[in-house]
Each structure stands twice: as C-alpha cells, then as structure tokens.
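> Just a sequence and a predicted model for now, questions to come.
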Amino acid sequence: MCSGVRVLLVDRELLDVGRLGVELESALYRLYPQAFQIDSMLSMVGSRSVLEQIKAGSDPIVIVRGWQPRMALFLAMRSRYLLYPDAPSPSLRAAALLGAH
C-alpha cells in the first residue's frame, strides 16, 4: 500500500512537469510492473507511444528528448497567438540542458 509521495518544489521555473511525470511513471512501472496499472495513465500522459516506451524500459531522458522537436514547433506556433509575452518553457530549458536540437 502506498501512502503517497511528498515533493518539495523549490523553484517552479525549473520544473519540467512532463519529465517528472515520465520519471515517476517509469520508476513505478520498473519497481511494480504487476501492480502499477500503467495503461490507465494514458489520459494523463496523452501518448500511447510514451507508455510503450516506458514499458520497453526506455530511459526517461530519451523519452523526453523524443518529444522536444514537436514541443518546440508547437510553442513557436502558440507564441503567435499569446496576448502577453510568455516566459521560456521549462521543457525548452530542459531540452537545452539535455542537448536536444
């Protein structure tokens, strides 16, 4: 039985919630493959491909790098419609740190 997880966030500007989600799901699936119902996470993850990569044991960093090009295209398109300037996305900062292009 899990009593939950407590996370202390000290700088929300540096948090990449997508990566955090993939890291947590990967760890839970790796530790508890029978008990963790990963397929029920599809609506939260939004991508069957990500779930399949987690099931295959892919490194979470590799999974996150895989969506960075599409994320950059989406954010560029989205920026044309923002009413106010947007701060750089943690996902894009993470991509820079991960060496994604």
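That came in fine, so what should we check first?

> Where does the prediction get shaky in this protein?
By pLDDT under 70, the low-scoring segments of the chain are 1-2, 87-101.

> residue nearest the centroid of the chain?
The chain has Gly18 as the residue nearest its centroid, 2.1 Å off, counting by C-alpha atoms, centre = their mean.

> I figured it hits Val64, correct?
Yes. With contacts counted by C-beta atoms under 8 Å, Gly18 reaches Val64, the gap being 6.6 Å. In short, each C-beta sits where N, CA and C put it, glycine included.

> what helix or strand does Pro69 sit in?
Assigned by DSSP states H and E, Pro69 belongs to helix 60-79.

> for Gly57, that is, sorry about that
Gly57 is part of no helix or strand, with elements assigned from DSSP H and E.

> Surely it touches Arg30?
Yes. When contacts are counted by C-beta under 8 Å, Gly57 is listed as touching Arg30 (7.3 Å).

> Residues in contact with the helix or strand containing the residue nearest to the centre of the chain: which ones?
Applying DSSP H and E as the criterion places Gly18 in helix 17-31. Contacting residues not belonging to helix 17-31 are listed as 5, 36, 38, 41, 44-45, 50, 54-55, 57, 60-61, 63-64, 67, 90-91, 94 [C-beta atoms under 8 Å, 6 or more residues apart in numbering].

> any idea how far Ile61 is from Asp86?
Plainly put, Ile61 is 25 Å away from Asp86 if you go by C-beta to C-beta, to the nearest Å.

> Looking at these two, which is more packed in?
Ile61 (16 against 10; other C-beta atoms under 10 Å).

> since we're on Asp11, how many residues are nearby?
With neighbours defined by other C-beta under 10 Å, the count for Asp11 comes to 7.

> That one in helix, strand or coil?
Here Asp11 is recorded as coil under DSSP: H, G, I helix; E, B strand; the rest coil.

> List the contacts of it.
Listed by C-beta under 8 Å, 6+ apart, the contact set of Asp11 is empty.

> Look up the closest residue to Gly66, ignoring the ones flanking it.
In space, and not counting its chain neighbours, Gly66 is closest to Gln53: 7.5 Å by C-beta to C-beta, 6 or more residues apart in numbering.
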